[in-house]
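Enquirer: Sequence first, then the predicted structure:
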Amino acid sequence: MPVPSFDPTHAVRFDLPHGSVRAGGDGGERVLLVPSSALDDLVLSAPQDAVEALGRALGAAIGRRAASRMDPKTAAIDAFVTQLAGEAALAGIGALSIERWGRAMVVVVEDSPLVGTLLAPLIAAAIAAASGRQVACALLSRDERAARVLVGNDVSVARAREWIASGMPWGEALVKLHGGGT
């Protein structure tokens, strides 16, 4: 069965006479266009709890809009990712895709203007809002091209974080996680 494409028609509406921008079609949520440098400054100076709250708020909005485009309970993973990636792209987050590492799922965000500390809570909240299922996420890597975020349950993500914090490369941690290692 072919994966439905993302249709951005009327996904963002500019009302210049009233000075507003709305995402999500008619009556959608009001959004702001914010320079990423301003967001970086805020994130770099804010307490970690505030950064995570901001990431969750951004992700939840993306996830709600993605959920409105599909039935998350019956959507195939490819269709789910297509809608989530489309909404992330509309929000300017970057190009979202997934990689499978055995049973581990990694969300890849390419060309994102966001600092890495925002991405794990953003991805977790987007998936939760779109699917209705809570997930845990951990930032695995971030370079000038892409960020990788592990998605899983609390236990597996905590294990991977612990291994990476102890000096294990993230790829090895995923292999070990897939093997059920402790």
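Expert: Arrived safely, thanks for sending. Numbering: from 1, shown residues only.
Enquirer: May I ask which helix or strand encompasses the most centrally placed residue in the chain?
Expert: The residue lying closest to the centre of the chain (CA atoms, centre = their mean) is Ile123, at 2.6 Å. Secondary-structure assignment from DSSP states H and E places Ile123 in helix 116-131.
Enquirer: which helices and strands sit right next to that helix?
Expert: helix 36-45, helix 48-67, helix 77-90, strand 104-110, strand 136-142, strand 146-152 (3 or more CB pairs under 8 Å, 6 or more residues apart in numbering; DSSP states H and E). Using the backbone N, CA and C atoms, a C-beta is placed for each residue, glycine as well.
Enquirer: any idea how far that helix is from the chain center?
Expert: Relative to the centre of its chain, helix 116-131 is centred 4 Å away, using CA atoms, centre = their mean, to the nearest Å.
Enquirer: before we move on, the earlier item: out of the helices and strands packed on helix 116-131, which gets nearest to Val12?
Expert: Minimum separation from Val12 across those (CB to CB) falls at helix 77-90, 6.1 Å.
Enquirer: Name the residues of the helix or strand following the closest one that come out as buried.
Expert: Using DSSP H and E, the helix or strand that follows helix 77-90 towards the C-terminus is strand 95-101. Neighbour-count burial for strand 95-101 flags 96, 98, 101 (criterion: 16 or more other CB atoms under 10 Å).
Enquirer: residues near Ala88, how many?
Expert: 26 (other CB atoms under 10 Å).
Enquirer: Excluding residues flanking it in the chain, which one is nearest it?
Expert: Leu96 (4.5 Å; CB to CB, 6 or more residues apart in numbering).
Enquirer: got the contact list for that neighbour?
Expert: 81, 84-85, 88-89, 107-110 (CB atoms under 8 Å, 6 or more residues apart in numbering).
Enquirer: Read off the pLDDT value for Arg69.
Expert: Arg69 is assigned 87 on the pLDDT scale.
Enquirer: pretty sure it is touching Gln83, no?
Expert: Yes: between Arg69 and Gln83 a contact is recorded at 4.7 Å, counting by CB atoms under 8 Å.
Enquirer: Quick check: which ranges of this structure have low pLDDT?
Expert: 1-4, 25-26, 180-182 (pLDDT under 70).
Enquirer: nearest spatial neighbour of Ala120, skipping sequence neighbours?
Expert: Ala120 sits nearest to Cys137 (CB to CB, 6+ apart), 4.2 Å away.
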